[in-house]
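Undergrad: Show me the folded form of this:
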Amino acid sequence: MTPTTLGQHVPLPASPEEARLDYVANPRTGRPYLVRFTAPEFTSLCPVTGQPDFAHLVLDYVPAATIVESKSLKLFLGSFRNHQAFHEDCTVGIAERLHAEMAPLWLRLGGYWYPRGGLPIDVFWQSGAPLADVWLPDQGVPTYRGRG
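TA: Below is the predicted model of the structure:
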């Protein structure tokens, strides 16, 4: 579980499939807590037009044995910059990959997409019911009015 990206010059992966996520041991196993990552400038490409799409992603998870290393997560999310997919595919695909690899106690991802054709599209995925003893704050992204 030695991180390969931390402290290293690593180019942006060309695709999500090429991106490698690093994980380190959870320093607080046995004590449930919430971790939040926010990516307010996530980008991918429309699979029909090739034009850029923009989203504000909010990832919440309760770690089990490992935590995701933040630099590798940034590189993974950045690898979508030239990836063509619908909003639903990007959001759910990111959440499912993180859930499968990290095996957290609980995970949710909110994808708050900026309008395409005048309609904002928000996509949400979670692994199951939230844990009762973990504080779960609102994701803090307003319904669309210019996204804050």
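
Undergrad: does Thr43 belong to a helix or a strand, and which?
TA: Assigned by DSSP states H and E, Thr43 belongs to strand 35-45.

Undergrad: That strand: which residues count as buried?
TA: Within strand 35-45, the residues scored as buried using 16 or more other C-beta atoms under 10 Å are Phe37, Ala39, Phe42, Thr43, Ser44, Leu45. Any C-beta I mention is one placed from the backbone N, CA and C, and that applies to glycine too.

Undergrad: you'd agree the fifth one is up against Gln84?
TA: Translated: Ser44. Yes - counting by C-beta atoms under 8 Å, Gln84 is a contact partner of Ser44 at 7.3 Å.

Undergrad: Report the buried residues of the longest helix along the chain.
TA: Assignment by DSSP state H gives helix 87-102 as the longest helix of the chain. Of the residues in helix 87-102, His87, Cys90, Thr91, Val92, Gly93, Ile94, Ala95, Leu98, His99, Met102 count as buried by neighbour count, 16+ other C-beta under 10 Å.

Undergrad: shared neighbours of Ser44 and Gln84, which are they?
TA: Counting by C-beta atoms under 8 Å, 6 or more residues apart in numbering, no residue touches both Ser44 and Gln84.

Undergrad: count of neighbours near Asp60?
TA: By other C-beta atoms under 10 Å, 21 other residues sit near Asp60.

Undergrad: what separates it from His83, distance-wise?
TA: 23 Å (C-beta to C-beta, to the nearest Å).
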